[in-house]
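Visitor: Sharing a model that was predicted from the sequence below.
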Amino acid sequence: MNDFDYTALHEEAQLTTFLLPSGLRDSFAKGTVHALPLSYTGIADYFASLDFDIAIFHVSAVNAEGNVSFGIAADFGPVIWPRAKKRILLANRSMPFLTGAPQVSADKADIIVETEDPLLDFTDSKTPAAIADITGHISALVPNGATIQTGIGGVPGAMLSALTEKRDLKVHSGVINDGFMALAKSGALARDHIHKTGIAFGSRRFYEFLYDYDALSFAPVTDTHNAKSLAGIEKFTAINSALEVDLFGQANLEWKGSRLVSGVGGAPDFIRGALSSCGGRSIIALPAATGAGVTRIVPKLSAPTISLSRDLADIVVTQNGAAKLRNRSPDERAEALIAIAPPEHRAMLDGAWREMRKSF
């Protein structure tokens, strides 16, 4: 997603973004791409402070009533629409006209470009054993009747499909995938409830399923990520991922070594909501080690910045179990995290903690 480098369109072009996919790396190095470290609610606030000369919106084809739907991506378009001086609609016949998504009148557009291009088709490959073990541990933490949020990434992406035996689940998320379809078909979702998301990102079969599914609404970030609203949802359960977690419970979501590879994303918004929810919980899930065997439970974060501070720590899950950190002392946190680290790294982590502890 978001991999097109708009600075390639003109030698003086500049691009402001909030994530950093690989397609933007070269221009980021040159200084023509600027990555702002904002959470999703921060991005929405930033957009709301601007007036746009031109805005381009990817929408459905115009229907008989003269309207277009934002379809499977309603996260930021509705926020920008009223602030654009000129509006260009990319009216894609492949974009489903979803009645549960925001609609606007095509008459309000200055230019309509009709097209028929396939939507991004993302199909999960076979789930690695480590991720299957992780989702098993998470499933034990999710009660019936919970409201679920999952992020993008291997573990969160596989999580919804792992909850098909649960009942009366509700979904309130920034993104959903084919796992939502699995929940709906298994009977795990609450009846007579309208689930909510900002984006659907999955297979073609999933998009076709959404055409006829009327218990799902698409909403902008100002709705899906609103911490005050999230806090009012009972048993709101946020499931997100990280690149590494240190023994204090701090998490890095953005850096591989000294290389910036992502952005803050929506995790801080959802986590704050979960921690304020009655019966809510936040779960950070990650494999205990990289493919090369490097531990992802570390003494201290090596990243230049911290994505999630220790006051947001609740539960961390690897294939080795779950570490419950909320209302735990630093020593209790370290002990719990070392217990879910790769076994071959636990002695190193214990020794590193004892050395750090001497200076407290």
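Guide: Received it, and whenever you're ready, just let me know what you need.
Visitor: burial measure for Arg167, as a count.
Guide: 14 (other Cβ atoms under 10 Å). All C-beta spots, glycine's among them, are computed from the backbone N, C-alpha and C.
Visitor: can you check the one 10 residues further on too?
Guide: Asn177 is flanked by 26 other residues according to other Cβ under 10 Å.
Visitor: right, and it touches Arg205 too?
Guide: No: applying Cβ atoms under 8 Å, one finds Asn177 not in contact with Arg205, separated by 11.5 Å.
Visitor: any idea how far Phe248 lies from Leu301?
Guide: 8 Å (Cβ to Cβ, to the nearest Å).
Visitor: do Gly293 as well
Guide: 19 Å.
Visitor: Have a look at these two and say which one is more surrounded.
Guide: Neighbour totals were compared for Gly293 and Leu301, and Leu301 leads with 21 against 10 (other Cβ under 10 Å).
Visitor: and the more buried one, what does it touch?
Guide: 244, 246, 250-252 (Cβ atoms under 8 Å, 6 or more residues apart in numbering).
Visitor: With the flanking residues excluded, which residue is spatially nearest to Ile338?
Guide: The shortest distance from Ile338 to any non-neighbouring residue, by Cβ to Cβ, 6 or more residues apart in numbering, is to Leu349 (4.8 Å).
Visitor: On the three-state scheme, Trp353 is what?
Guide: Assigned with DSSP: H, G, I helix; E, B strand; the rest coil, Trp353 falls in the helix class.
Visitor: so it makes contact with Ile338?
Guide: Yes: counting by Cβ under 8 Å, Trp353 does reach Ile338; the two are 7.2 Å apart.
Visitor: By mean pLDDT, flag the weakest helix or strand of the chain.
Guide: helix 154-159 (a mean of 79; mean pLDDT, DSSP states H and E).
Visitor: packing partners for whichever helix or strand comes after it?
Guide: Per DSSP states H and E, the first helix or strand lying C-terminal to helix 154-159 is strand 170-171. Strand 170-171 sits against strand 147-150, strand 195-197, with contacts defined as 3 or more Cβ pairs under 8 Å, 6 or more residues apart in numbering; DSSP states H and E.
Visitor: Select, out of those strands, the one closest to Arg83.
Guide: strand 195-197 (23.0 Å; Cβ to Cβ).
Visitor: tell me the mean pLDDT for the closest one?
Guide: Strand 195-197 shows a mean pLDDT of 98.
Visitor: tell me what that strand is packed against?
Guide: strand 170-171, strand 216-218, helix 221-224.
Visitor: now the last one, how far from the centre of its chain.
Guide: Computed by Cα atoms, centre = their mean, to the nearest Å, the separation of helix 221-224 from the middle of its chain amounts to 13 Å.
Visitor: In terms of secondary structure, what does that helix contact?
Guide: Counting by 3+ Cβ pairs under 8 Å, 6+ apart, helix 221-224 packs on helix 40-48, strand 195-197.
Visitor: can those go into TSV with extra columns for mean neighbour count and distance to Gly154?
Guide: Formatted as TSV, the helices and strands packed on helix 221-224 follow (neighbours: other Cβ atoms under 10 Å; distance: least, Cβ to Cβ, whole Å):
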stretch	mean neighbour count	distance to Gly154
helix 40-48	18	20
strand 195-197	23	19
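Visitor: would you list those in JSON lines and tack on distance to Leu189?
Guide: Compiled in JSON lines, these are given as follows (distance: least, Cβ to Cβ, whole Å):
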{"stretch": "helix 40-48", "distance to Leu189": "24"}
{"stretch": "strand 195-197", "distance to Leu189": "7"}
